[in-house]
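Engineer: The following block contains a protein sequence and its predicted model.
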Amino acid sequence: MSFSISQAKAQVGQSVIIQGWMYNKRGSGKIYFLQLRDGSGTMQGVVETSAGEEVMKKAEELTIESSVRVTGVITQHPKNPEVFEIQVKNIEIVQIAEEYPIGKKEHGPDFLLDNRHLWLRSEKQLAIQRVRDEIIRATFEYFHENGFIKIDTPILSNNACEGSTELFSIDYFGEPAYLSQSGQLYLEAAVMSCGRGFDFGPVFRSEKSKTRRHLTEFWMMDAEVAYCDLEGILQIEEALILHILKRVLENKVKELTTLERDLEPLKKIQGPFIRKTHAEAVAELREMGSDIQEDHDLGGDDETILTKKYDQPIFVTHYPSKVKAFYMKRDESGQRCLCADLLAPEGYGEIIGGSQREEDLVLLKQWMAEHHVPEKGLEWYLDLRRYGSVPHAGFGYGLERIVGWVCGLQHVRETIPFPRLMNRLEP
């Protein structure tokens, strides 16, 4: 019978067929040890002379990453009862692989990214994708358990969500259009219908950045809540992150171990998260040697310095309005926004940005003018403030940044199957 390697424990003593690939091999002559994988897990296949001359010949012929169907009996490892092997009785070669370009020697990042379509097969890269999948699953689970529905927002738009010029433009039947950098504005419209909603999809930023935290194409989740203020949205953000960590630590310890991730820093995160105003964060950073100015946004280096000091995530609130988006509601001074960035510990920095949204039509128009955001093309967004406007708030997370933090990765390029960087559009 055909089966998955992950089912091995329940199939001890049974004859099965593994359909997969041979990623390594050792032995010669009288015995071969085939390292097999099928996407669900890995297993050693033991080929002895008792299997017959033809089977031994096929075992000898196999090259790294050859595809095979291996028939045999599942047994427990003689020294480790939690490890299982297959005693090979037959080998059907599906395809003999050419000499595999990724060997045991050290390869540079450019070589590995050029061969990303093959690098994904490695144990560590698969582990990252499994953790990524768990984070996505936990996100959907949290929202569906808390009264949100998924709203699909458009990828093509005639406007820049945040008034940014860092957009990829296209010709849309003779009219200018842009690839989305956020579904937030459309989600704001949707929650005036459903009350609580979230989206999840690819977004695009034409940022000429080569930092370890930036991609030109990445996946973002936006969430919006009607009748909600800044405090309310921060509580939701905290609960979501705690739920994600809970699920990953329940279900993906094996993968994190493969990645050599220290689990203790993740286990320490229980909440409540640390809170600091932007002014407090700036003062603390300057004491720590940063040259950040009082009315500046926190840079990547500033976030790294601050988050290496604490073992809990940090909400930095009340940024100067001039460094934040036009749609953010302001405090009584009019100079600071009712907003927050959530910074992950261990030097990882921002993973979530959110705010209370400006619900007053007159003020929203004023903020748009200050940020040089034209009303043309956003008349529909202004309509939300004309027809039943309510206090509301929302946030967005960058999936790849969360994956990088949870997996303990040094560069965001490993968090997505096929990274798009400023200088990379293939494979």
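Structural biologist: Everything's here; your move.

Engineer: Quick check: S206 vs V68, distance?
Structural biologist: 44 Å (C-beta to C-beta, to the nearest Å). The way it works is simple: take the backbone N, C-alpha and C, and place the C-beta from them, glycine included.

Engineer: Looking at those two, which one has more neighbours?
Structural biologist: V68 (23 against 16; other C-beta atoms under 10 Å).

Engineer: beta partners of that one?
Structural biologist: G20, I93 (DSSP bridges).

Engineer: which ones are touching it?
Structural biologist: I18, Q19, G20, W21, M22, L36, L62, I91, E92, I93, V94 (C-beta atoms under 8 Å, 6 or more residues apart in numbering).

Engineer: In those residues, find the pair that's most separated.
Structural biologist: Pairwise distances across those peak at 14.6 Å for Q19 and L62 (criterion: C-beta to C-beta).

Engineer: which of the two has more neighbours?
Structural biologist: A direct count of neighbours by other C-beta under 10 Å for Q19 and L62 places L62 higher, at 20 against 16.

Engineer: how far away is the more buried one from I96?
Structural biologist: 7 Å.

Engineer: just V373 next, same as before
Structural biologist: Taking C-beta to C-beta, one finds V373 at 59 Å from I96.

Engineer: And those two? Which one has more around it.
Structural biologist: V373 (23 against 13).

Engineer: ok, now how distant is that one from G353?
Structural biologist: On the measure of C-beta to C-beta, V373 and G353 end up 18 Å apart.

Engineer: One more: D301?
Structural biologist: 18 Å.

Engineer: Same check on L382?
Structural biologist: 23 Å.

Engineer: Comparing the two, which residue is more hemmed in?
Structural biologist: For L382 versus G353, neighbours defined as other C-beta under 10 Å are more numerous around G353 (21 against 13).

Engineer: Name the nearest residue to the more buried one, sequence neighbours excluded.
Structural biologist: D341 (5.1 Å; C-beta to C-beta, 6 or more residues apart in numbering).

Engineer: buried sites along whatever helix or strand the one you found lives in?
Structural biologist: Using DSSP states H and E, D341 sits in strand 339-344. Buried positions in strand 339-344, judged by neighbour count with 16 or more other C-beta atoms under 10 Å: C339, A340, D341, L342, L343, A344.

Engineer: Please enumerate the helices of the stretch 1-150 of the chain.
Structural biologist: 53-61, 109-114, 116-119, 123-145 (DSSP state H, counting those that start in this stretch).

Engineer: got the buried residues for the third one?
Structural biologist: Residues of helix 116-119 classed as buried under the neighbour-count rule (16+ other C-beta under 10 Å) are R116, W119.

Engineer: The first one too?
Structural biologist: Judged by neighbour count (16+ other C-beta under 10 Å), helix 53-61 contains these buried residues: V55, M56, K58, A59.

Engineer: Then the last one?
Structural biologist: Judged by neighbour count (16+ other C-beta under 10 Å), helix 123-145 contains these buried residues: 125-132, 134-136, 138-139, 142-143.

Engineer: any idea how far it is from the chain center?
Structural biologist: In terms of C-alpha atoms, centre = their mean, to the nearest Å, the centre of helix 123-145 is found 8 Å from the chain centre.

Engineer: likewise stretch 99-117?
Structural biologist: 23 Å.

Engineer: do the same with stretch 57-68
Structural biologist: 35 Å.

Engineer: Make residue 1 into 14 and carry on from there
Structural biologist: Right, with 14 as the first residue, what we last looked at is stretch 70-81.

Engineer: so how far does that stretch reach from one end to the other?
Structural biologist: Terminal residues of stretch 70-81 are spaced 14 Å apart (C-alpha to C-alpha, to the nearest Å).

Engineer: pLDDT (mean, whole number) over it?
Structural biologist: In this model, stretch 70-81 has a mean pLDDT of 97.

Engineer: So the protein: which segments form each domain?
Structural biologist: 18-108, 129-427 (automatic domain parsing).

Engineer: Point out where the stretch 64-213 of the chain drops to low pLDDT.
Structural biologist: Within the stretch 64-213 of the chain, the segments meeting pLDDT under 70 span 173-178.

Engineer: circling back to that earlier point, what is the most widely separated pair among the buried residues of helix 136-158?
Structural biologist: Q138 and F156 (27.9 Å).

Engineer: name the element A294 belongs to?
Structural biologist: helix 291-300.

Engineer: what comes into contact with that helix?
Structural biologist: Against helix 291-300 from outside (C-beta under 8 Å, 6+ apart): 289, 305-307, 309, 311, 315, 318-319, 327, 329-333, 349.

Engineer: Give me the buried positions along it.
Structural biologist: For helix 291-300, by 16+ other C-beta under 10 Å, it's H291, A292, A294, V295, L298.

Engineer: which of the residues you listed lies closest to M341?
Structural biologist: H291 (12.6 Å).

Engineer: Distance of that closest one relative to I327?
Structural biologist: The separation that H291 has from I327, given C-beta to C-beta, amounts to 11 Å.

Engineer: same deal with G313?
Structural biologist: 15 Å.

Engineer: quick one, which of those two is more surrounded?
Structural biologist: I327 (23 against 15).

Engineer: residue contacts, the more buried one?
Structural biologist: Contacts of I327 (C-beta under 8 Å, 6+ apart): F286, I287, R288, K289, A294, L319, T320, L355, L356, P358.

Engineer: wait, is S206 part of a helix?
Structural biologist: Yes: according to DSSP: H, G, I helix; E, B strand; the rest coil, S206 belongs to a helix.

Engineer: Now do the contacts for it.
Structural biologist: No residues are in contact with S206 under the rule C-beta under 8 Å, 6+ apart.

Engineer: And the closest residue to S334 other than its chain neighbours, its phi and psi?
Structural biologist: Among residues not flanking S334 along the chain, C350 sits closest, at 5.1 Å (C-beta to C-beta, 6+ apart). The phi and psi values for C350, taken as degrees, to the nearest 10, are phi -100, psi 150.

Engineer: Quick check: the gap between C350 and T152.
Structural biologist: The value you get for C350 to T152, if C-beta to C-beta is used, is 25 Å.

Engineer: Same question for V81.
Structural biologist: 37 Å.

Engineer: Return the distance of L412 relative to F328.
Structural biologist: In terms of C-beta to C-beta, L412 sits 20 Å off from F328.

Engineer: now S182
Structural biologist: For S182, the distance to F328 - C-beta to C-beta - is 34 Å.

Engineer: Looking at these two, which one has more neighbours?
Structural biologist: Per other C-beta under 10 Å, whichever of S182 and F328 has more neighbours is F328, with 21 against 11.

Engineer: Just say helix, strand or coil for that one.
Structural biologist: strand.

Engineer: Many thanks, have a good one.
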